[in-house]
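Enquirer: Build me a model:
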Amino acid sequence: MTDLTARQQPLLVDRFADGVEFRDFTKADYGPTIAVYRLVADDAAKVAALDAALAALGERFLEDGAMAWEYLLVTARRV
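Expert: Predicted structure coming up:
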């Protein structure tokens, strides 16, 4: 492998109106979050706590209708 590079890239996410929408999206569509919900599914108190924590996380990072995320872009060329 040659020319291996890694760089952080910004991503503006303007999909969510509030923390509850963020929670509902990750709960339904984000694999790691789905796995955690499956793990605690038999404990209503844990599900409620996770619901509240994810909604609060969304609210904390939502600013003027958008969330500023970043991701790591890794590229390489195979020889």
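Enquirer: At which residues are the strands of this structure located?
Expert: Remark: strands assigned in the chain by DSSP state E are 2-13, 67-77.
Enquirer: Which positions in the last one come out as buried?
Expert: For strand 67-77, the neighbour count (16 or more other C-beta atoms under 10 Å) marks residue 67 as buried. The C-beta positions use only the backbone N, C-alpha and C, and glycine is treated the same way.
Enquirer: got it, and stretch 46-61?
Expert: 50, 54-55, 58.
Enquirer: quick check, nearest of these to residue 66?
Expert: residue 58 (11.7 Å; C-beta to C-beta).
Enquirer: Quick one: residues contacting the residue nearest the centre of the chain.
Expert: Nearest to the mean C-alpha position of the chain, by C-alpha atoms, centre = their mean, lies residue 26 at 6.2 Å. Counting by C-beta atoms under 8 Å, 6 or more residues apart in numbering, residue 26 touches 33, 54.
Enquirer: Against residue 6, how distant is it?
Expert: Residue 26 is 25 Å from residue 6, where distance means C-beta to C-beta, to the nearest Å.
Enquirer: Could you do residue 63 as well?
Expert: Computed as C-beta to C-beta, the residue 63 to residue 6 distance reads 27 Å.
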